[in-house]
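Colleague: Turn this into a structure:
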Amino acid sequence: MRRPDGTPIRALVVDDEPKLTELVSLGLRLAGWEVATAAEGGTALQRARDFRPDVLVLDIMMPGIDGVEVLGRIRSFAPKVPALFLTAKDAVPDRILGLSAGADDYVTKPFSLEEVLLRLHRLVQRSGAAAESSVLMVGDLVLNPDTHEVSRGGTPVQLTATQFELLRYLMENERHVLSKAQILDRVWAYDFGGQSNIVELYISYLRKKIDAGREPMIHTVRGAGYILKPAD
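Modeller: All right, here's what the predicted structure looks like:
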């Protein structure tokens, strides 16, 4: 994902927990984003003015100026920048407070980094800050059909042309079971008839490259086919 001028998307991550800030920042940088950070509200305001982020990640409870006030002040000079509140508070009144303050989304701690990255990706897409892209993203798995690049968790994955097409079909149908007949017809343009073993073989290839040493994303649904979904 890039800006219309080709430069990286910019995110400002503000939290007084260094490990959390480092974790979110690392995930965004691996996705190709440019990241600035701050540990308290005053610094966050200055960084926002200098950095001009495309999206904000804000903790509500911080020393000095809290996240709600930081968002209000930033919106005075950047009224359209989307914001996600990342906080330990999970009570309904706190969710209402965050959203009423103008946040576009809300995630509570402890959180899944995969979920945060996906939510930020969608916020930036909806805001119009990113150029139109055909990139597919399921969890931490990213496929770029224009460059034929694939990565999982920021690590490049090398695929053959057929493996790439099979993965693209699975990702285009995230969380949907695809039968062997459907896969043969789409990827190999074969009529179903004694060729199911080629699907099994290529699913095996993909698993070795996509799932090896990680939480699996490609699953067999016995008697029905295969499904790709974000890792648990």
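
Colleague: Can you list the low-confidence ranges for the protein?
Modeller: Across the chain, the ranges flagged by pLDDT under 70 are 1, 89-95, 98, 131-133, 189-196.

Colleague: what ranges do the helices span in it?
Modeller: 18-30, 41-51, 67-77, 92-100, 113-127, 161-172, 180-183, 196-206 (DSSP state H).

Colleague: Could I get the ones you listed in TSV, plus columns for mean neighbour count?
Modeller: C-betas here are computed from N, CA, C, even on glycine. Below are those laid out as TSV (neighbours: other CB atoms under 10 Å):
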stretch	mean neighbour count
helix 18-30	16
helix 41-51	18
helix 67-77	18
helix 92-100	14
helix 113-127	18
helix 161-172	18
helix 180-183	19
helix 196-206	15
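
Colleague: want to throw those helices into TSV with distance to residue 218?
Modeller: Below are those laid out as TSV (distance: least, CB to CB, whole Å):
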stretch	distance to residue 218
helix 18-30	21
helix 41-51	38
helix 67-77	38
helix 92-100	34
helix 113-127	16
helix 161-172	7
helix 180-183	12
helix 196-206	6
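
Colleague: Mind checking those helices for the one nearest to residue 143?
Modeller: helix 161-172 (5.7 Å; CB to CB).

Colleague: who wins for proximity to residue 6 among the helices of the chain?
Modeller: Closest to residue 6 of these is helix 113-127 (CB to CB; 15.1 Å).

Colleague: and the residue nearest the centre of the chain, what does it touch?
Modeller: Among the residues of the chain, the one closest to the centroid is residue 118, at 2.8 Å (CA atoms, centre = their mean). Residue 118 makes contact with 137, 139, 230, according to CB atoms under 8 Å, 6 or more residues apart in numbering.

Colleague: in terms of contact, does the second one touch residue 113 like I think?
Modeller: No: using CB atoms under 8 Å, residue 139 is not in contact with residue 113; the gap is 10.0 Å.

Colleague: what's across from the nearest residue to residue 168 once chain neighbours are set aside in the sheet?
Modeller: Leaving aside its chain neighbours, residue 168 sits nearest to residue 143 (6.0 Å; criterion: CB to CB, 6 or more residues apart in numbering). Counting by DSSP bridges, residue 143 forms beta bridges with residue 136, residue 150.

Colleague: Contact partners for residue 143?
Modeller: The contact partners of residue 143, taken as CB under 8 Å, 6+ apart, are 135-137, 149-150, 164, 167-168, 171.
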